[in-house]
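Novice: turn this into a model:
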Amino acid sequence: MILHHGWRSSASRRVRLCLEEKGLAYENGRATMRNWIRQVDGLIGNLIVFNWVHGIAKTASQWSDAELVQMLDGMEATLRAGPWLAGGRYTLSDIAVVPFVKRIEEEIAPDEVSAARHPRVAAWWAAIQARPAFARARIGPFLE
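Specialist: Presented below is the predicted three-dimensional model:
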């Protein structure tokens, strides 16, 4: 399979992580389909974005930095039920929010992804980063 993507794209990060978790081989293609992917993301909205129990209807691209940080509050509450966002099992819900948590940790509010502010989220983030697929998917920095 050839994956046409941009390394820093949130959608690409989700797809690469999912493929790596499943052990599916892929070759890197040029990001010629990037605009098409953005159009599809806009059309399928909440199928791409993890939809919290209280029903966030906005797509992630429309969230402000403050709303992204508030997302951590929702995650913290959700993670009371187990180590993963769907309880006891690692699922697509966990993969879907990885780029957003990465962005919060890297540039928006690094102190929020900490044991002091959101201990369950910090533990979840450490567990995500410890997964072998995380390294293979090359979930690198947004900024360089």
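
Novice: going forward, measure contacts and count neighbours with C-alpha atoms only.
Specialist: Fine.

Novice: any idea how far N28 is from T78?
Specialist: Between N28 and T78 the computed distance is 35 Å (CA to CA, to the nearest Å).

Novice: then Y90?
Specialist: The spacing between Y90 and T78, counted by CA to CA, is 13 Å.

Novice: neighbour count winner among these two?
Specialist: Using other CA atoms under 10 Å as the criterion, Y90 and T78 rank with T78 on top: 19 against 13.

Novice: thought that one was touching L85?
Specialist: Yes - assessed by CA atoms under 8 Å, T78 is found in contact with L85 at 6.2 Å.

Novice: what touches both of the two?
Specialist: The contact sets of T78 and L85 do not overlap (CA atoms under 8 Å, 6 or more residues apart in numbering).

Novice: where along this protein do the helices fall?
Specialist: Along the chain, the stretches classed as helices by DSSP state H are 10-22, 34-44, 65-78, 92-103, 119-130, 132-136.

Novice: E112 is nearest to which of the ones you listed?
Specialist: Ranking these by proximity to E112 (CA to CA) places helix 65-78 first, at 7.3 Å.

Novice: just the mean pLDDT for that closest one, thanks.
Specialist: The average of the pLDDT scores along helix 65-78 is 84.

Novice: which elements pack onto that helix?
Specialist: Using 3 or more CA pairs under 8 Å, 6 or more residues apart in numbering; DSSP states H and E, the elements in contact with helix 65-78 are helix 119-130.

Novice: which residues touch the helix it packs on?
Specialist: Residues from elsewhere that reach helix 119-130, judged by CA under 8 Å, 6+ apart: 72, 75-76, 79-80, 83-84, 101, 113-115, 134-135.
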